[in-house]
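**Student:** what shape does this take:
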Amino acid sequence: MTAGALPRSTVRHVGARSRARRRPVVRPLLIFTIAVILAFFAVTYSRISLDRTAFELQRLDREIAGEQDRHWDLRVDYARLQAPELITQRAAALGLVYPEDRQTIEISGMANAVGGPEDRWMDLRALFVEQP
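**Tutor:** Model (predicted):
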């Protein structure tokens with residue numbers, strides 16, 4: 001008993017499969033290569049973004065230091081301008097002087113007014129305010 005030959009169409013089909021198996025696998029290698037390239041660019045972009053942020057922080061730190069120096073300079077000027085001697089000199093230059101005589105003004109109808117706790121110190125406070 002001898003085996004018969006296979007039909008010709010079946011042989012071609014089997015041959016096509018064997019050729020496909022011998023071919024190198026390109027598609028997974030191509031996908032892996034593209035993924036590696038994309039990962040490289042993503043890491044590079046994130047590094048550039050971090051460096052840009054670091055430069056921005058350095059610029060802001062320099063601005064903060066400059067503004068702090070300006071703040072302290074302004075505080076010194078403010079303290080200097082509050083000096084009583086300087087205020088007296090500027091007031092005299094403008095013609096502002098303490099009055100020579102003092103007048104007491106009484107307002108009618110205020111005798112029955114009820115004062116708060118600050119009223120008992122009003123005379124003492126007036127003495128301190130009027131002193132040169």
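
**Student:** can you show me the helices along this structure?
**Tutor:** Applying DSSP state H to the chain gives helices spanning 8-22, 27-81, 84-94, 122-130.

**Student:** tell me which of those sits nearest to residue 106.
**Tutor:** helix 122-130 (14.0 Å; Cβ to Cβ). For glycine as for every other residue, the C-beta is placed from the backbone atoms N, C-alpha and C.

**Student:** what mean pLDDT does that closest one get?
**Tutor:** For helix 122-130, the mean per-residue pLDDT is 66.

**Student:** just stretch 30-40 next, same as before
**Tutor:** Stretch 30-40 shows a mean pLDDT of 95.

**Student:** same check, this time on stretch 69-89
**Tutor:** 92.

**Student:** restricting to C-alpha, output it in PDB.
**Tutor:** C-alpha atoms of stretch 69-89 as PDB (Å, rounded to 0.1, in the frame of the first residue of the first chain):
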ATOM      1  CA  ASP A  69      16.700  95.200  50.500                       C
ATOM      2  CA  ARG A  70      14.300  97.800  49.200                       C
ATOM      3  CA  HIS A  71      11.900  97.000  52.100                       C
ATOM      4  CA  TRP A  72      14.600  97.600  54.700                       C
ATOM      5  CA  ASP A  73      15.700 100.800  53.000                       C
ATOM      6  CA  LEU A  74      12.200 102.100  53.100                       C
ATOM      7  CA  ARG A  75      11.900 101.200  56.800                       C
ATOM      8  CA  VAL A  76      15.000 103.200  57.500                       C
ATOM      9  CA  ASP A  77      13.600 106.200  55.600                       C
ATOM     10  CA  TYR A  78      10.300 105.800  57.400                       C
ATOM     11  CA  ALA A  79      12.100 105.800  60.800                       C
ATOM     12  CA  ARG A  80      14.200 108.800  59.800                       C
ATOM     13  CA  LEU A  81      11.200 110.800  58.700                       C
ATOM     14  CA  GLN A  82       9.400 110.100  62.000                       C
ATOM     15  CA  ALA A  83      12.200 111.800  64.000                       C
ATOM     16  CA  PRO A  84      10.700 114.600  66.100                       C
ATOM     17  CA  GLU A  85      13.500 117.000  65.200                       C
ATOM     18  CA  LEU A  86      12.900 116.600  61.500                       C
ATOM     19  CA  ILE A  87       9.200 117.100  61.900                       C
ATOM     20  CA  THR A  88       9.800 120.200  64.000                       C
ATOM     21  CA  GLN A  89      12.200 121.700  61.400                       C
END
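
**Student:** cool, thanks, signing off.
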